[in-house]
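Q: Only the shape, not the letters, is given here:
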DNA sequence: TTGAGTTACGAAACCGGTTTCGTCAATCCC
DNA sequence: GGGATTGACGAAACCGGTTTCGTAACTCAA
């Protein structure tokens, strides 16, 4: 209408983004040549490559991720889907895990894409959306379940993924995990070495595969220590403090109560503390406790909890590393890592101050 | 070499992604028309639009995010940068916050992009990278500092952002925050109403702006309750359990000790519990305690901690909401929300069982 | 019947990169 | 010295969408 100065409307947000064609013009080259120079193609003269990379650095050129993603098919992003279960166990490990994973990704200038699966938008739908939109290049799957539909989906669609934890059927599944079974084994052997003969076990819920592994590790430890199986001292379902307390009370009510208890999870161990104290016993004297996880509260318990600590940050880091390798084309079977949990010796494991029989007597006297 | 069946190499991962041109061909339309139909342009016949949307739904068409981002300039993603401070305070609130934010973003089919700023790759560099790569459309800035360089960067580059918490200078800054000052105020008034006359305050570190606000709220509450200022009972620096314990010990050593203590953070309150118990006093009898944050441990303390709980999930949700509005073009000044923290009445606040003088006597008798 | 005004769509440019292909000039070899 | 190779780069197609612009076909009024 007025005149023809209606040109500069195409300014979305920040005005002057340096694009590859600008850089090419500045250098007197074609943009294709610049692109290849920056990607290290061999058909570019060394002098030219250096000139280009220097100019790119000086002028602060950075390829636009969406353009790069469109032509390469790589979004340079890994997905992590949160399940809004309100699960406090998940909550505790998430920050460190996130830190580790996104730190590793950041080293390659990748990012972590986080989405939540809510009851309305279910798990699988969220995964599908991200895949179909091609918004991510692969998935980190946490809290894997026995027959996990997410894993099935990934396999069906050929989308790269890595698992935190193991499953029953793991063909074609890259994973990272901490060896809970070894920790349980070592805990038993250690306690037996201290002189304990009756050793209880408070496991997680049976629905979890890791519980299966840990129970096996415990049993293997009993055998290795020359102690027969004591099935009456093995309880499961201890995934909260309250449950741990309840299960420990049950163990102490046994005719031949344990002088030591191995817990599959720290939260349960803290519950066991309460049960022991309620029986007017001292943790680390009449009843030793060893556990697994390494949560912060354990250090502040009285006595401080001896536990196998899981380096969640390292786990996140390792999983991101594996996923990048997987996306890079490495075969799934080569991408499996099982790290040991690290024993943090504190004050809850000591030689028994009392035998199982005497313990039983003291306990029944109180009743 | 062999023959010419070397065609199907251009298959990155999953083979058969439905693209808009396929959909157009299927419908006998041009891809431009299909795009406009899906975007709801008015120059498309109603019948056509319905035919297109139905086909898109039936065939499960989803636009490729990178292509869309390239042409629209919107990545449909919000950034959250983690500072790898190892800060346990940050850790505690992160999962809920993340859940809230990404839930809100997911409703609009956006995602949350998480990156970490490590010592090597500093904060500002990480922010710049994401901006220059155009990988995100805006930032959620947490743990805002007094003169925050991130905020300065966003303003300079014209990048949309929202803050969790407030600052001294907030021109052009959208934010969400919980009113810690109101909570402190109400806590004092409540305690005064129960009969307390000497009320102590354990604040956070002075470096934080929220501490300034909470201290003001506390002072305002004292005034509103008709109690004069008691500066000797106001301490700061309580951001860990140990620090809280230390500061509480100091308060109890005063000539006229407080019969109630208001803490700016729950962790400090739990420390204060220890100090009170160590003095052979009972929390909620000789010394009442009210606090702020709503961490899980508070519910398990003896007695359960009365505190103003912050709904972190709602905070994340609100911030994502504000950021989307901001990116949508809403003026910064219209995007400010201050929500009240919610009082969770439990057992640590009761009428004083003893006067400040008697309390002083009992305490000095113990020494 | 005709010309102006709508309506509904197709064609094509564009977003900012990557990659294939072709070509010119320099080099090599006999 | 001339044909075959090689080196280094430009041109153009392509990734999969969005948006502008142009234009047939249809509507309507005179």
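A: Structure received. Everything numeric here is computed off the predicted structure, so don't read it as measured data. Residues are numbered from 1 along each chain as shown, chains lettered A, B, ... in the order given.
Q: Going by C-alpha atoms from here, please, whenever you check contacts or count neighbours.
A: Will do.
Q: Skipping adjacent residues, who's closest to residue A:146 in space?
A: residue A:167 (5.8 Å; Cα to Cα, 6 or more residues apart in numbering or on different chains).
Q: which one is residue A:235 nearest to, not counting chain neighbours?
A: Spatially, and ignoring its direct neighbours in sequence, residue A:235 is nearest to residue A:202 (5.0 Å; Cα to Cα, 6+ apart).
Q: what about the one you found, how many neighbours?
A: For residue A:202, the count of nearby residues is 28 (other Cα atoms under 10 Å in any protein chain shown).
Q: I'd guessed it sits against residue A:249; true?
A: No: contact criterion Cα atoms under 8 Å: residue A:202 and residue A:249 do not qualify, at 11.0 Å.
Q: sorry, back to before: can you give me every residue that contacts the residue nearest to residue A:146?
A: By Cα atoms under 8 Å, 6 or more residues apart in numbering or on different chains, the contact list for residue A:167 reads A:144-147, A:209.
Q: go again using 7 Å as the cut-off
A: A:144-146, A:209 (Cα atoms under 7 Å, 6 or more residues apart in numbering or on different chains).
Q: Nearest spatial neighbour of residue A:289, chain-adjacent residues omitted?
A: residue A:261 (4.9 Å).
Q: The helix or strand harbouring the one you found pairs with which strands, parallel or anti?
A: Following DSSP states H and E, one finds residue A:261 within strand A:260-263. With DSSP bridges as the test, strand A:260-263 is paired with strand A:199-202 (parallel), strand A:288-293 (parallel).
Q: just to revisit the earlier point, tell me the pLDDT at the residue nearest to residue A:146?
A: Looking at residue A:167, its pLDDT stands at 92.
Q: pretty sure it belongs to a strand, no?
A: No: read with DSSP: H, G, I helix; E, B strand; the rest coil, residue A:167 is coil and lies in no strand.
Q: Let me know the distance separating it from residue B:279.
A: The gap separating residue A:167 from residue B:279 is 52 Å, by Cα to Cα, to the nearest Å.
Q: Residue A:45 too?
A: Look at residue A:45 and residue B:279: by Cα to Cα, they are 78 Å apart.
Q: And the two? Which one has more around it.
A: Taking neighbours as other Cα under 10 Å, residue A:45 and residue B:279 compare with residue B:279 leading, 15 against 11.
Q: quick one: average pLDDT of the longest helix belonging to chain A?
A: Longest helix in chain A, counting residues (DSSP state H): helix A:88-107. Across helix A:88-107, pLDDT averages out at 88.
Q: helices or strands up against that helix?
A: strand A:111-117, helix A:312-327, helix B:88-107, strand B:111-117 (3 or more Cα pairs under 7 Å, 6 or more residues apart in numbering or on different chains; DSSP states H and E).
Q: does the host helix or strand of residue A:273 come close to chain B?
A: Using DSSP H and E, residue A:273 sits in helix A:266-278. No: applying Cα under 7 Å from any Cα of the partner chain, one finds helix A:266-278 separated from chain B by no less than 11.6 Å.
Q: Identify all contacting residues around that helix.
A: Contacts of helix A:266-278 (Cα under 7 Å, 6+ apart): A:238-245, A:248-249, A:263, A:282-283, A:291-295.
Q: So which of the residues you listed sit within helices?
A: A:241-245, A:248-249.
Q: is it fair to say residue A:307 lies in a helix?
A: No: counting by three-state DSSP, residue A:307 is not part of a helix but strand.
Q: What residues are bridge-paired with it?
A: residue A:291, residue A:344.
Q: Is it correct that it is in contact with residue A:341?
A: No: contact criterion Cα atoms under 7 Å: residue A:307 and residue A:341 do not qualify, at 9.2 Å.
Q: neighbour count winner among these two?
A: Legend: neighbour count by other Cα under 10 Å for residue A:307 and residue A:341, higher for residue A:307 (32 against 21).
Q: contacting residues for that one?
A: Counted by Cα under 7 Å, 6+ apart, residue A:307 has contacts A:290-294, A:343-345.
Q: Most widely separated two among those residues?
A: With Cα to Cα as the measure, no two of the contacts of residue A:307 lie farther apart than A:293 and A:345, at 13.0 Å.
Q: Neighbour count: the two, which is higher?
A: Ranked by neighbour count (other Cα under 10 Å), residue A:293 and residue A:345 place residue A:293 first, with 22 against 14.
Q: The contacts of residue A:167 in strands, which ones?
A: Among the contacts of residue A:167, no residue falls in strands (DSSP state E).
Q: of the residues you listed, closest to chain B?
A: residue A:144 (18.7 Å; Cα to the nearest Cα).
Q: tally of neighbours for that closest one?
A: When neighbours are defined as other Cα under 10 Å, residue A:144 has 18 of them.
Q: Excluding chain neighbours, give the residue nearest to it in space.
A: Leaving aside its sequence neighbours, residue A:144 sits nearest to residue A:165 (Cα to Cα, 6+ apart; 6.4 Å).
Q: and chain A, which of its residues are near DNA strand D?
A: Residues of chain A lying close to DNA strand D by Cα under 7 Å from any atom of the strand are A:28-33, A:43-46, A:48-49, A:67, A:70-71.
Q: sorry, back to before: drop the exposed ones from the contacts of helix A:266-278 and show what's left.
A: Taking 16 or more other Cα atoms under 10 Å in any protein chain shown as the criterion, what is buried in the contacts of helix A:266-278 is A:238-245, A:248-249, A:263, A:282-283, A:291-295.
Q: residues from the stretch 51-200 of chain A in reach of DNA strand C?
A: A:62-64, A:67-68, A:70-72.
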